[in-house]
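> how would this look folded up:
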Amino acid sequence: MKMMRVSKRKKERKRNWPKALVALVAMALFLTIVPAVVQADKSEDGLVTLPNGDHGKREVVYAKLDTAGAVEQVFVVNHFHPKTATTLTDYGDYDSVIQLTGDVSPTLDGSQVTMEGVEGRYFYQGNLNSTALPWHFDILYRFEGEERSAELLSGVTGKLEMEISISKNGAVNDVFFDHYALQIAIPVDPDRAVVEAATEGFLVSSAGTEQQLNYIILPGQDKTIRLVMDVNDFAMGQITFGGVLMSFDIDTLEMDDELEPIDELTDGIAEFADGTKDLKKGFAELKKAFIDIRDGGTQLVNSGYQLEQGVNELTAGAEQLLEEGQGLKTGSEQLLGGLSAIIANLPPEESLALPEMPNFDQETLQALAMLDPQLAGQIQGMLELFGSYAPMLSQYSELANALKGLEAGYKELHGGLGQYVDQGVGGVVGGLKGTETTPGLSMGLSRYVAGVSTFKKGLDDYYSSGLVEFSNGLDKLVDGAGTMRDETAGMKDKFEGKIEEMLDEFSHNDFNPVSFVSEKNQNVASVQFVFMTNEIPPVDTK
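Numbers count the residues shown, from 1 in each chain. Okay, the predicted model is just below:
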């Protein structure tokens, strides 16, 4: 046998599990065929005592619908169970009544039905004149995208869509629409239809060789159900609608184990709130440490600028010293050239020999002085000059050698001066300025300062755009966590209270069932509804 495949479109949606709980409980009530809960009391052992008094009446309203959901016929099966022989009087707008059990026939007089001497279980059927139900049903079919009457769907093969719309009938007492839930059972023959998509909220159950999609419509709700099916030689059985009073009671104290995680969640939220405070405190220390780092970065940048300024001044001084050193080299070279020229122009020692001088004794000089004092003085001076020149001439060789030694030493001094200027001061300048391929200290320091400045700017940006904003966000987190802790304190009790509040909407513990057929009927124990559509028969049975 083929298995029916039901595909549902997955989508994100907010879930409300208390409502889901209500729906599941209601589903359980229907699927286990539990009749509507009537006025009943719980005993100490947890058993429910059902009312079976002499005058309790139960109504089951049956309706036959066509395949489009229009009502064709409505009749009511009325159930009584008097323990002693009793004359029963019932009311309803009936066209006719039919005896279903017992020996007593019901008598219809206008809207009054009389049954004399009834004892024990007794059923009779009343066929209503009106076809109005608390709900409107509208069933549409679209085959291959075009709307089609159900009478023309037998045996079709292709894509079939079915839409069932349920809405309130304002012409009927709204107590039934507002208090009664509907179970909808849609039969699907797996050999004739594969459900590809369906409105969410269904349960799949088996019914003989068929399967059913079961939906629950809660009291007071309009609903539209859509099915998309891939059909082959299509046929469908009767769609069934069952309506019962939505009434149940759940003791939330019995849910303590299920709700225990809420207490754990509350404790976790409280711990989280405390943790955010610790986080804020730790972040304050981190922020303070970062401020120290940022201040250190500022000092590093300032020191870098000062060092760069000093290196620039050193470079300028070194360049000036190199320029002046070049002048010193030029002067030294000129001095060396002059010294070399002096040495080169020294006369030979033999060319400096003194001529022979006449020998003037003292008496001759005195006699000459008496004759010509001026001449005598000149002669006397020459004699003295010759007398001093002779020792000097004897030292001429030493003087010439000393000058040559001075020249040799000065050449070494001049060479050292050149090395000092070119390699020493020039090397310092080159190291400071660098070359096109090799950066010097000045360029490297400029890059270093630029890098430190960028690093400092990054620290500032991270502080202002990162730490400050994170601090503000952390403040909001702490406040939000505190608010969440305060608002979730006692959440389990609030949750139980909310569940009870939502369940009270459907508990109807104080609800007294009323008759569907006539407001004159009293002591109504329960009212149920069972509606069935016509089937879409197979081709070979039409």
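> show me the chain divided up by domain.
By the assignment in automatic domain parsing, the chain contains the domains 58-247+508-541, 259-453.
> which one of the ones you listed lies nearest to Gly490?
Taking C-beta to C-beta, domain 259-453 is the member of the domains of the chain nearest to Gly490, at 7.5 Å. In this view, the C-beta of every residue, glycine as well, is placed from N, C-alpha and C.
> would you single out the least confident of the domains of the chain?
Set side by side, these differ in mean pLDDT, and domain 259-453 is lowest with a mean of 74.
> what about Gln211, neighbour count?
20 (other C-beta atoms under 10 Å).
> I figured it hits Arg192, correct?
No. Shown here, Gln211 and Arg192 do not form a contact pair, counting by C-beta atoms under 8 Å, at 11.3 Å.
> which residue ranges of this protein form helices?
Counting by DSSP state H, one finds helices in the chain at the ranges 17-31, 174-179, 256-344, 362-371, 373-419, 426-433, 441-461, 468-488, 491-507.
> need the winner for burial among the domains of the chain.
domain 58-247+508-541 (a mean of 17; mean count of other C-beta atoms under 10 Å).
> now the domains of the chain in a markdown table, with distance to Thr483?
Written out in a markdown table, the entries for the domains of the chain read as follows (distance: least, C-beta to C-beta, whole Å):
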| stretch | distance to Thr483 |
| --- | --- |
| domain 58-247+508-541 | 34 |
| domain 259-453 | 9 |
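> for Gly482, which of these is the nearest?
Gly482 lies closest to domain 259-453 among the domains of the chain, at 5.3 Å (C-beta to C-beta).
> could you point out which of the helices of the chain sits nearest Ala70?
Evaluated with C-beta to C-beta, those place helix 174-179 nearest to Ala70, the distance being 18.3 Å.
> which residues does that closest one contact?
In this structure, residues lying in contact with helix 174-179 by C-beta atoms under 8 Å, 6 or more residues apart in numbering are 134-135, 168-169, 219-220, 243, 245-247, 508, 511, 514, 516, 527, 529.
> distance from it to the middle of the chain?
44 Å (C-alpha atoms, centre = their mean, to the nearest Å).
> how far away is the closest residue in space to Thr114 that isn't next to it in sequence from Leu88?
Residue nearest to Thr114 in three dimensions, not counting chain neighbours: Thr107, with 4.7 Å by C-beta to C-beta, 6 or more residues apart in numbering. In this structure, Thr107 and Leu88 are separated by 11 Å, where distance is defined by C-beta to C-beta, to the nearest Å.
> which residues are in contact with both of these two?
Both Thr107 and Leu88 are contacted by 114-115, under the criterion C-beta under 8 Å, 6+ apart.
> give me the phi and psi for Gly220.
Note on Gly220: its backbone torsions stand at phi 80, psi 10 [degrees, to the nearest 10].
> tell me the contacts of it?
With contact taken as C-beta under 8 Å, 6+ apart, Gly220 is in contact with 177-178.
> got it, and Thr276?
Residues in contact with Thr276, defined by C-beta under 8 Å, 6+ apart, are 474, 477-478, 481-482.
> what's the farthest-apart pair in the residues you listed?
In the contacts of Thr276, two members sit farther apart than any others by C-beta to C-beta. They are Leu474 and Gly482, at 12.5 Å.
> follow-up on the earlier one: type out the PyMOL command that picks the buried ones from the contacts of Thr276.
Selection of the buried residues among these in PyMOL, burial being defined by 16 or more other C-beta atoms under 10 Å:
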select buried, resi 474+477+478+481
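> and of the contacts of Thr276, the nearest to Leu406?
Using C-beta to C-beta, Leu474 comes nearest to Leu406 of the contacts of Thr276, at 84.4 Å.
> pretty sure that closest one contacts Phe283?
Yes. Using C-beta under 8 Å, Leu474 is in contact with Phe283, at 5.8 Å.
> ok, the nearest residue to Glu151 once chain neighbours are set aside - contacts?
In space, not counting the residues next to it along the chain, Glu151 is nearest to Thr67; the distance is 7.1 Å by C-beta to C-beta, 6+ apart. Neighbouring residues of Thr67 by C-beta under 8 Å, 6+ apart: 139, 149-151, 533-536.
> of those, which is the nearest to Leu336?
Proximity of those to Leu336 was ranked by C-beta to C-beta; the top entry is Ile139 with 125.9 Å.
> any idea how far that closest one is from Ser149?
The gap separating Ile139 from Ser149 is 11 Å, by C-beta to C-beta.
> overlap in contacts, these two.
Both Ile139 and Ser149 are in contact with 67-68, where contact means C-beta under 8 Å, 6+ apart.
> tell me the spacing between Gln309 and Glu271.
57 Å.
> same check on Asp540?
In this view, Asp540 and Glu271 are 70 Å apart by C-beta to C-beta.
> and for Ser453?
Here the distance between Ser453 and Glu271 works out to 45 Å (C-beta to C-beta).
> over to Val76?
For Val76, the distance to Glu271 under the criterion C-beta to C-beta works out to 61 Å.
> ditto for Ser526
52 Å.
> do Pro106 as well
With distances defined as C-beta to C-beta, the gap from Pro106 to Glu271 amounts to 71 Å.
> please name the nearest non-neighbouring residue to Gly56.
Ala525 (3.9 Å).
> that neighbour and Val60 touch, don't they?
No. Contact between Ala525 and Val60 fails when scored by C-beta under 8 Å: they sit 11.6 Å apart.
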